[in-house]
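> build me a structure from this.
(chains A and B)
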There are 2 protein chains.
Amino acid sequence: MHPKTASTDHDVLDLIRQRWSPRAFDAARPVSRGDLLRLFEAARWSPSSYNEQPWRFVVTDRFESADHHTALATSLIGKNALWAASAPVLVLVAIRETLERQDSVNTHAWYDSGQAVAYLTLQATSMGLSLRQMQGFDVDRARDACAVPQPFVPAVVMAIGYAGDPESLTVDSHRASEQKPRTRKPIDEIVYWGRWT
Amino acid sequence: MHPKTASTDHDVLDLIRQRWSPRAFDAARPVSRGDLLRLFEAARWSPSSYNEQPWRFVVTDRFESADHHTALATSLIGKNALWAASAPVLVLVAIRETLERQDSVNTHAWYDSGQAVAYLTLQATSMGLSLRQMQGFDVDRARDACAVPQPFVPAVVMAIGYAGDPESLTVDSHRASEQKPRTRKPIDEIVYWGRWT
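Alright, predicted model coming up:
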């Protein structure tokens, strides 16, 4: 069993046990347009408050348009830049923070966009794709790189591709992290029965 | 094929095609504690920024503690109250909006909690459970009902149970909605290639 496969206390979907967030990507292997479309189709059918669907995706593919890919990669901050540029695909997740029917705040826009990306992520896992999300990027640079208009806000950059060799990672802690078991709070720290106690 | 099964343009997981958000629940059929634990275990293994795991769940079960269930149901607003009280289980999703290691804002707390609930939802679908989320509830009443402490914020109430008879719904539009196909924006309105156009 892969060291990242979750050791669960209660039985859950294999997809959920097996999903994790790798940094090592195969830089030489592209992801087909057809496969990328399946990911966004999965996101598309996520639920959202008032069916607002506040999520948008800007895709940069190093094999299709290296300039756009580099532009988005350049927005990454700190150590993210060291590994993520080797992913063949980067996707900027942008969120509409206002409701379409009126110019007021959609309080659940980020929550709903998280749901959409979760569906996309499990779809990716089912297809043998690796995916890691980053919040460590410069929002203004990403907005410029991807030409994201108001009232959308860049929220997350995802690296997507096929698994690479962990030894290719240049940061010691990143190499080690690819083999360390995933950890989570115990379930009784996140679930309360009847009322919070 | 059930009218709610998504008619997708690109192939996606059956779980994602089949998931939808019903209002009709079987009021007489409880959900076992063991099955509920599997739902929260699925949420538990969701990714989050800095592995903060900002999500918390307060479960009220009409068969276990009718008082708590009624207290949370009473926080529901408008037409939600008309159908949701028949669900055997209501779950309040509460979100920690600050980082644990320092008292600053977790910008991705809602986004990450959405991801956790998405995993929980697909787990529920795989187990034949119905689940519908609501943002239409009184936050202060829900906080009181479930004794949610600061710095957590009530975000969503979920109704969970087994499918019921749509004809049992008292609101005409709710009955009709159980049979209407799900709709989404076309994929080219949510995905841009290279940069936003």
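> for chain A, longest helix please?
Using DSSP state H to define each element, chain A has its longest helix at helix A:109-126.
> now that helix: average pLDDT?
Per-residue pLDDT values across helix A:109-126 average out to 98.
> with stretch A:35-50 instead?
98.
> so which elements touch the longest helix of chain A?
Other helices and strands packing on helix A:109-126, by 3 or more C-beta pairs under 8 Å, 6 or more residues apart in numbering or on different chains; DSSP states H and E, are helix A:14-18, helix A:33-44, strand A:55-61, strand A:89-96, strand A:130-134, strand A:152-161, helix B:14-18, helix B:109-126. Where you see a C-beta, it was placed from the backbone N, CA and C, and this is true even at glycine.
> by proximity to chain B, which residue of chain A wins?
residue A:114 (2.9 Å; C-beta to the nearest C-beta).
> correct me if wrong: that residue contacts residue B:110.
Yes: counting by C-beta atoms under 8 Å, residue A:114 does reach residue B:110; the two are 7.0 Å apart.
> what helix or strand does residue A:145 sit in?
helix A:139-146 (DSSP states H and E).
> what is that helix packed up against?
Checking 3+ C-beta pairs under 8 Å, 6+ apart, helix A:139-146 ends up next to helix A:66-73, strand A:89-96, strand A:152-161.
> hang on, the earlier thing: quick check: closest non-adjacent residue to the residue of chain A closest to chain B.
Leaving aside its chain neighbours, residue A:114 sits nearest to residue B:114 (2.9 Å; criterion: C-beta to C-beta, 6 or more residues apart in numbering or on different chains).
> distance of that neighbour relative to residue A:118?
Remark: distance between residue B:114 and residue A:118 (C-beta to C-beta, to the nearest Å) = 7 Å.
> so between these two, which is more surrounded?
Looking at residue B:114 and residue A:118 with other C-beta atoms under 10 Å in any protein chain shown, you find the greater number of neighbours at residue B:114, namely 31 against 28.
> for the residue nearest to residue A:114, what are its contacts?
Listed by C-beta atoms under 8 Å, 6 or more residues apart in numbering or on different chains, the contact partners of residue B:114 are A:108, A:110-115, A:118.
> how many neighbours does residue A:174 have?
Other residues within reach of residue A:174 by the criterion other C-beta under 10 Å amount to 17.
> I figured it hits residue A:23, correct?
Yes: with contact defined as C-beta under 8 Å, residue A:174 reaches residue A:23; the gap is 5.1 Å.
> which neighbours do these two share?
Overlap between the neighbourhoods of residue A:174 and residue A:23 consists of residue A:83, taking contacts as C-beta under 8 Å, 6+ apart.
> ok, back up a step: closest to residue B:3 out of the helices and strands packed on helix A:139-146?
Across those, residue B:3 has its closest neighbour in strand A:89-96 (28.3 Å, C-beta to C-beta).
> hmm, who's touching the closest one?
With C-beta under 8 Å, 6+ apart as the contact definition, strand A:89-96 has outside contacts at A:30-31, A:36, A:52, A:54-62, A:69, A:72-73, A:84, A:106, A:109-110, A:113, A:117, A:142, A:145-146, A:148, A:151-161, B:196.
> now do stretch A:189-197, average pLDDT.
97.
> relative to the whole chain's centre, how far out is the helix holding residue A:145?
Averaging C-alpha coordinates over helix A:139-146 and over its chain gives two centres that are 17 Å apart (C-alpha atoms, centre = their mean, to the nearest Å).
> just the CA atoms of that helix, as PDB, please.
As requested, C-alpha coordinates have been extracted for helix A:139-146 and formatted as PDB (Å, rounded to 0.1, in the frame of the first residue of the first chain):
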ATOM      1  CA  VAL A 139      -3.100  37.300  -6.600                       C
ATOM      2  CA  ASP A 140      -2.300  40.400  -8.600                       C
ATOM      3  CA  ARG A 141       0.300  38.700 -10.800                       C
ATOM      4  CA  ALA A 142      -2.000  35.700 -11.400                       C
ATOM      5  CA  ARG A 143      -4.900  38.000 -12.300                       C
ATOM      6  CA  ASP A 144      -2.700  39.800 -14.800                       C
ATOM      7  CA  ALA A 145      -1.200  36.500 -16.200                       C
ATOM      8  CA  CYS A 146      -4.700  35.000 -16.800                       C
END
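> show me what counts as buried in that helix.
For helix A:139-146, the buried set under the neighbour-count rule, 16 or more other C-beta atoms under 10 Å in any protein chain shown, comprises A:141-146.
> got the contact list for that helix?
Everything outside helix A:139-146 that qualifies as a contact, by C-beta under 8 Å, 6+ apart, is A:58, A:60, A:68, A:71-72, A:74-75, A:92, A:94, A:148, A:153-154, A:157, B:192, B:195-196.
> is stretch A:171-181 up against chain B anywhere?
No: with C-beta under 8 Å from any C-beta of the partner chain as the measure, stretch A:171-181 is seen stopping short of chain B, the closest distance being 11.2 Å.
> what residues sit buried inside that stretch?
Taking 16+ other C-beta under 10 Å as the neighbour-count basis, stretch A:171-181 is seen to contain the buried residues A:174-175, A:177-178.
> any idea of the mean pLDDT for it?
Averaged across stretch A:171-181, the pLDDT comes to 96.
> the helices and strands packed on helix A:109-126: which one's closest to residue A:188?
helix B:109-126 (16.0 Å).
> distance from the closest one to the middle of the chain?
The chain centroid and the centroid of helix B:109-126 are separated by 8 Å, computed with C-alpha atoms, centre = their mean.
> please apply the same query to stretch A:165-181.
19 Å.
> which other residues reach it?
For stretch A:165-181, contacts defined as C-beta under 8 Å, 6+ apart pick out A:3-4, A:7, A:22-24, A:26, A:79, A:82-83, A:86.
> how about 10 Å then?
When contacts are defined by C-beta atoms under 10 Å, 6 or more residues apart in numbering or on different chains, stretch A:165-181 is touched by residues A:2-7, A:20-27, A:79, A:82-83, A:86, A:163-164.
> just the pLDDT at the spatially closest residue to residue A:4 that is not a sequence neighbour, thanks.
Setting aside the residues directly before and after it, residue A:4 is nearest to residue A:20 in space (C-beta to C-beta, 6+ apart), at 4.0 Å. The pLDDT attached to residue A:20 in the predicted structure is 98.
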